[in-house]
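Asks: Okay, here's the prediction I keep looking at, along with the sequence it came from:
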Amino acid sequence: MAPVTVAAGVALLAACTGAEPPTPPHIDPHDDALVALGEQVYAQHCAVCHGVALEGQPDWRRRLPSGRLPAPPHDETGHTWHHPDWELYAMVRDGVTPLAPPDYETDMPAYEDILDDREIRAVLAYIKAQWPEHILEMQEAVNRRQPEPPEGVAGSSR
Ligand code: HEC
């Protein structure tokens, strides 16, 4: 049994390292240079909605008069840390609509044409760097459970 599993694993790995575009690697909150860049990106692009201290919009659980959701906090009081890295990356790059039901309306922009790959990783690294250790550990468990987008989901690889 074991050799078969290993062979399948090697084949999978080969498939991933071939012509296939890479899925976003782990977003590292301990990479100081990345976090420093992310702090600037956050202040410039995200703080206006998600709050300068990542606190989210006031009363963020209640829908706005438009029927849309306010921007949630990115600190440990929100639910950003419930998502695996690939999904956070996808939400910033593509916005939340690809992962939402059809016709879903949201104020969260897509940053595909505004931020490059490193800036998206950086802003997420900065957000993660603000989390206390136990929240980081819980999000790491989410990453282990769901390291990649499920088949057919508009996710991280392109
Ligand atoms: C114009 C306001 C606005 C700006 C600017 C904005 N966001 Fe958002 N963001 C939102 C809203 C509103 C939501 C909730 C989306 C929904 O569920 O409809 C959201 C949701 C998210 C989520 C999902 C959180 C979760 O727990 O599901 C992430 C991640 C996120 N934003 C990251 C960012 C980052 C990073 C930036 C800056 C690069 C940014 N946002 C800029 C409004 C904004």
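Replies: Happy to help now that I have it.
Asks: burial measure for residue 97, as a count.
Replies: For residue 97, the neighbour count with other C-beta atoms under 10 Å is 16. C-beta: built from backbone N, CA, C; applies to glycine.
Asks: right, I mislabeled it, should have said residue 103
Replies: 6.
Asks: Kindly provide the distance from the residue most central in space within the chain to the ligand.
Replies: Most central in the chain under C-alpha atoms, centre = their mean is residue 88, positioned 1.2 Å from the mean C-alpha point. Using C-beta to the nearest ligand atom, to the nearest Å, residue 88 is found at 5 Å from the ligand.
Asks: quick one: what helix or strand has that residue in it?
Replies: Using DSSP states H and E, residue 88 sits within helix 85-94.
Asks: Now the element after that helix, going C-ward?
Replies: helix 117-129.
Asks: Does the ligand have contacts with that next one?
Replies: Yes: using C-beta under 6 Å from any ligand atom, we find that helix 117-129 touches the ligand at residue 123.
Asks: Which residues does that helix contact?
Replies: For helix 117-129, the external contacting residues (C-beta atoms under 8 Å, 6 or more residues apart in numbering) are 24, 27-31, 34-35, 37-39, 41-42, 45-46, 54, 74, 80-81, 85, 88-89, 92-93, 111, 115, 136, 139.
Asks: ok, of the residues you listed, which come out buried?
Replies: Taking 16 or more other C-beta atoms under 10 Å as the criterion, what is buried in the contacts of helix 117-129 is 24, 27, 29, 34-35, 37-39, 41-42, 45-46, 54, 74, 80-81, 85, 88-89, 92-93, 111, 115, 136, 139.
Asks: Filter the residues you listed down to just the ones in strands.
Replies: Among the buried ones among the contacts of helix 117-129, no member falls in strands (DSSP state E).
Asks: quick one: residue 126 from residue 119, how far?
Replies: 10 Å (C-beta to C-beta, to the nearest Å).
Asks: Sorry, wrong one. I was asking about residue 125.
Replies: On the measure of C-beta to C-beta, residue 125 and residue 119 end up 10 Å apart.
Asks: Check residue 148 too.
Replies: 22 Å.
Asks: Which one of residue 125 and residue 119 is surrounded by more residues?
Replies: Neighbours were counted for residue 125 and for residue 119 using other C-beta under 10 Å; residue 125 has more, 26 against 19.
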